[in-house]
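# Following is a predicted model, sequence given first.
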Amino acid sequence: MIEIEGLSKLYGRDVFALEDFSMHVGKGEFVFLTGPSGAGKSTLLRILLCQEAPTTGRVIVGGRDITRLKPREVQTYRRTVGFVFQDFKLIPGKTVFENVMFALRILGVPDVQQRRRTFQVLKWVGLQHRANAYPLELSGGEQQRVAIARALVNEPALVLADEPTGNLDPDLALEIMNLFREINSTGTTVLVATHDRELIRHVGHRAVTLDHGRLAIG
Amino acid sequence: MIEIEGLSKLYGRDVFALEDFSMHVGKGEFVFLTGPSGAGKSTLLRILLCQEAPTTGRVIVGGRDITRLKPREVQTYRRTVGFVFQDFKLIPGKTVFENVMFALRILGVPDVQQRRRTFQVLKWVGLQHRANAYPLELSGGEQQRVAIARALVNEPALVLADEPTGNLDPDLALEIMNLFREINSTGTTVLVATHDRELIRHVGHRAVTLDHGRLAIG
Amino acid sequence: MLFAGLRYFVGEAVTGLWRGRRSTVLSVVTIAAALFVLGIFLTVTANLDALVARWSEAAELSVYLRDDVSLAERAEVQRALRGDPLVREVQLVTRDEALARFRRDFPDLAPAVSNPQAHPFPASFEARLVSQASEGDALESLAARLRGMRGVSDVRYDRLWLQRLQSIAALVGWGGAVVGAVLALAAALTVTNVVRLALFSRRDEIQIMELVGAPLSFIKGPFVMEGILQGALGATLALGALALAISLARGRLAAAAAGLIDASSIVGLPAATHVLVVVGGMAVGCLGALLAARRLG
Amino acid sequence: MLFAGLRYFVGEAVTGLWRGRRSTVLSVVTIAAALFVLGIFLTVTANLDALVARWSEAAELSVYLRDDVSLAERAEVQRALRGDPLVREVQLVTRDEALARFRRDFPDLAPAVSNPQAHPFPASFEARLVSQASEGDALESLAARLRGMRGVSDVRYDRLWLQRLQSIAALVGWGGAVVGAVLALAAALTVTNVVRLALFSRRDEIQIMELVGAPLSFIKGPFVMEGILQGALGATLALGALALAISLARGRLAAAAAGLIDASSIVGLPAATHVLVVVGGMAVGCLGALLAARRLG
Ligand SMILES: Nc1ncnc2c1ncn2[C@@H]1O[C@H](COP(=O)(O)OP(=O)(O)OP(=O)(O)O)[C@@H](O)[C@H]1O
Ligand SMILES: Nc1ncnc2c1ncn2[C@@H]1O[C@H](COP(=O)(O)OP(=O)(O)OP(=O)(O)O)[C@@H](O)[C@H]1O
Ligand SMILES: [Mg+2]
Ligand SMILES: [Mg+2]
């Protein structure tokens, strides 16, 4: 599913967020991405979402080199990817329900189906009772769960999650991880960046460790 | 230092973020605040910063009822409190250095002293090499450390930290906690909200547990 | 699909405008102010133009005939005048009529002219000119041509008067171009600013939409629609204010100056211009929105 | 402390304006456009007023004297004219001078008046009026007073001419009030919008400053200073554009209309007004900023 070869990302003149990094993720695999603060985890995920262009290197996702997509192709590509951002990135002017439903709307899913599916996913993450609240009325962990719900709602082929449980208590974190595993069991490839070593141990999938932009253990 | 009596906070018509909550924190104490997502930890800290008014209840800090401060008194009060926000709240248009120095500037500290102190605190949190970067150029963990540096820079009488290690790897989290303990040893009262049970176990201070806005274990 | 898209845009736009009520009111009033001033300006220009035209029509060209002019020569002069596009109306004043006029204008002096045959007043053609006569040199050359004709003793027209009209027309036209251009620019800038405000206040939203792969039209559509709606609202408000101002002006002028500027002759803008202002407001709103949203592209 | 505070405000404001270059340019140009139109308008008003005044001064009042007027009566009439504030200049036209004028104006007719003693032309006083003469009823009552005096046969003045001037003055004054008010409103709204834009784009910053206990003046100061600087820049730009426009207007009018509106007589705004526009721009910028920042209070 994902093939990364010799990937480097240079910020400014001397900050190498990634340096000659390579990694393979098979279709349907569940991989953790770990490493200390500033190791380059978020940068890697941002490149996988075409949010940033790498300085050098190849990034193949689903057989296509995503570093060479045209703007319109980027849109189409992003619709097949579910992303959980480290800072949630919820639309403050829309309710929880609208925020999640939005990801379905841009796919052109019929209205009724949009609502049914959105409700279902909100129930999964335990937020059906807050569906009509606005993001700023939610606690940190609740916002994070909305972000997760939005990433999962359109059953994407690839899920990228940046620190999706940083604001959740251990029990809830494990529950959410089970959700990711459930999605994974339907064939979706899942890549999760996290610091939580205990969580990785608990869930027990392959973990790739980054340090200073280089592959440390993988 | 902090005396809370019968504190309730009602959002909208039926969301009780806090319900008849009472708690005492002595001067110079180090207390953890814990509990599941949505328990009311952030709400409690926000009330302690006068960011929100409680629905009912008394909140005495340093002998003054902070729910009855006038706008100007709120400013003066806030300058004696160091706060680490769950979403960092850094000023995007200022560099890391300026963000931290700002807290000193509003105290009217002389210029030279501002710079010396700011540099010192950035070294503590391991970010002296990123001093001239802008917040959006930092990783999640780095932003969190800038927020911590800002909270500690003016040696406040009270430090309130909301999930200050949620984006840090366990080693760094422990290092930061040691920083809080160092500040605490100079007589500063410290209140830290966190989900990280392991961290609490490691550091080993008093922990107050909230659940659905009520005191569960304290 | 297209219809559904439009419904989505309008729905989102209306929601957006309503959620930012204060901003919306401020924006609409600002747009209205710019368009109102533009409208006032157009109205004043139109009225001044009409005034100049009316005054121009009062201008006369007199062709004095020699006493020994033949009928054929006179007919020739008359034909030359009638055929000229500058001339609106030609009237013959015979020697007798000229004398009668003098007697009417100077009754004290009348007895001085004793012999009704030997008096010194010549016959003449008096031509009323079209309103465009004051522009350019055509009148000058017409006069020269007439002066060269047989039977013509002199040609006179009120040069100062026509020049005054010409200057006023020039001033109005020139000022109109400059002020109109600047006001149109100001209106466009205002809308751009307003839409930038909307975009700024929702840049997070826009960024997020991009990151979940929303098509550009999905992102821009509602903003462009907001611009269009604001432009339309502003234009409507401006037209309302303009109508009010014109009726007030009529009242005031009727009271203050019953003289040359007849209050009832003050005209508003024609209906077509009204439609044009609204469409223009919407176009400007749309343009401002596209301009402000350009960076998204 | 106060000086340090001011330095901080200016420093932050300049940094803010520079970081938001594009916004700053857009804002300054918008403010400049509003002030430019206001300036054009003030200039046109001032020049039209001057024109009306000059035309008014060309207006005359003629007091015709009876042939049997005594020297004392004549002196009395002259004193009455000289003492009136509406009268700028008085000139006596004797009977002989009146005849000479007639002979000059109608040379063909001159032989008709054979007896230089028995001719019908009366002596008169010709009074030139001050430019305010066309306003109000004072002139009317002066004429009535003169008519009642001994030795006066008739009093005439060009009523239509003065009424025209009166109407133009009324139109200009009335239009000036409305358009000026709306333009001032538009300028203020523009600045408010601009500062709102600045506040919106930094609402996070403001909220954060509040949360770390920054004094209100610390938060508002830089924004207000930005408003003031933008107002000053916009006003300066507007004045530059205005100066350019006026010199262009002189050139164009000199070419197009060498008639009544003398190109060199077109005056710019006085220096005091320049200072006033800049100060006004700063005040409007400051006000807009305070208005936009009000919610922070
Ligand atoms: N502005 C608001 N309007 C309405 N409800 C709110 C608002 N802020 C918080 N709440 C609700 O109050 C409850 C407590 O929120 P709070 O942020 O205090 O939780 P928390 O303990 O910090 O949770 P977390 O660990 O997820 O950050 C939650 O159910 C939340 O949805
Ligand atoms: N836009 C940017 N400009 C400059 N430097 C950047 C930018 N984004 C990230 N960096 C730097 O790149 C490095 C890697 O950042 P990244 O966000 O990928 O780390 P991370 O592994 O996600 O860390 P964390 O666990 O703290 O979130 C960091 O040193 C960071 O300062
Ligand atoms: Mg990260
Ligand atoms: Mg919280």
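Yes, it's here. Ligands and ions are numbered 1, 2, ... in the order given.

# Of all residues in chain C, which one is nearest the centre?
Residue closest to the average C-alpha location in chain C (Cα atoms, centre = their mean): C:Ala46, at 2.7 Å.

# isn't that one right next to C:Leu269, touching?
Yes - judged on Cβ atoms under 8 Å, C:Ala46 makes contact with C:Leu269 at a distance of 7.1 Å. Glycine gets a C-beta too; all of them are placed from N, C-alpha and C.

# Report the closest residue of chain A relative to ligand 3.
A:Ser42 (3.0 Å; Cβ to the ion).

# now the strands for chain A?
A:2-11, A:15-25, A:30-34, A:56-61, A:64-65, A:81-84, A:158-162, A:189-193, A:206-211, A:214-217 (DSSP state E).

# Distance to ligand 4 added to those, as JSON lines?
Output for the strands of chain A, formatted as JSON lines (distance: least, Cβ to the ion, whole Å):
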{"stretch": "strand A:2-11", "distance to ligand 4": "30"}
{"stretch": "strand A:15-25", "distance to ligand 4": "29"}
{"stretch": "strand A:30-34", "distance to ligand 4": "24"}
{"stretch": "strand A:56-61", "distance to ligand 4": "34"}
{"stretch": "strand A:64-65", "distance to ligand 4": "40"}
{"stretch": "strand A:81-84", "distance to ligand 4": "17"}
{"stretch": "strand A:158-162", "distance to ligand 4": "18"}
{"stretch": "strand A:189-193", "distance to ligand 4": "21"}
{"stretch": "strand A:206-211", "distance to ligand 4": "27"}
{"stretch": "strand A:214-217", "distance to ligand 4": "32"}
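
# do you know which of those lies nearest ligand 1?
strand A:81-84 (15.0 Å; Cβ to the nearest ligand atom).

# Report the contact partners of A:Lys94.
Contact partners of A:Lys94, counting by Cβ atoms under 8 Å, 6 or more residues apart in numbering or on different chains, are A:102, A:134-135, C:205.

# Using TSV, lay out those together with distance to ligand 1.
Below are those laid out as TSV (distance: Cβ to the nearest ligand atom, whole Å):
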residue	distance to ligand 1
A:Phe102	20
A:Tyr134	8
A:Pro135	10
C:Glu205	19
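
# Any idea which helix or strand in chain C has the lowest mean pLDDT?
helix C:159-201 (a mean of 68; mean pLDDT, DSSP states H and E).

# on that earlier part again, can you tell me which of the contacts of A:Lys94 end up in helices?
Within those, membership in helices is found for A:102, C:205, as judged by DSSP state H.

# I'd like the contacts of A:Lys94 laid out as TSV, including neighbour count and pLDDT.
Shown next, in TSV, are those (neighbours: other Cβ atoms under 10 Å in any protein chain shown; pLDDT from 0 to 100):
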residue	neighbour count	pLDDT
A:Phe102	21	88
A:Tyr134	16	93
A:Pro135	20	93
C:Glu205	20	80
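
# relative to helix D:21-57, how tilted is the host helix or strand of the residue nearest to the centre of chain C?
Using DSSP states H and E, C:Ala46 sits in helix C:21-57. Orientation check (axes from the mean of the first three to the mean of the last three Cα atoms, to 10 degrees): helix C:21-57 against helix D:21-57 gives 30 degrees.

# close to chain A, is helix C:21-57?
No - contact of helix C:21-57 with chain A is not found when judged by Cβ under 8 Å from any Cβ of the partner chain; the minimum separation is 12.7 Å.

# Please give me every residue in contact with A:Ile183.
A:152, A:155, A:159, A:190.

# Specify which member of the contacts of A:Lys94 is nearest to ligand 4.
Ranked by distance to ligand 4 (Cβ to the ion), the contacts of A:Lys94 are led by A:Pro135 at 13.1 Å.

# ok, now which ones touch that closest one?
For A:Pro135, the contact set (Cβ under 8 Å, 6+ apart) comprises A:88, A:90-92, A:94, A:96, A:99, A:143, A:146.

# how about the nearest residue to A:His24, chain neighbours excluded?
A:Glu3 (5.5 Å; Cβ to Cβ, 6 or more residues apart in numbering or on different chains).

# Look up how far D:Leu276 lies from the one you found.
Counting by Cβ to Cβ, to the nearest Å, the gap from A:Glu3 to D:Leu276 is 70 Å.
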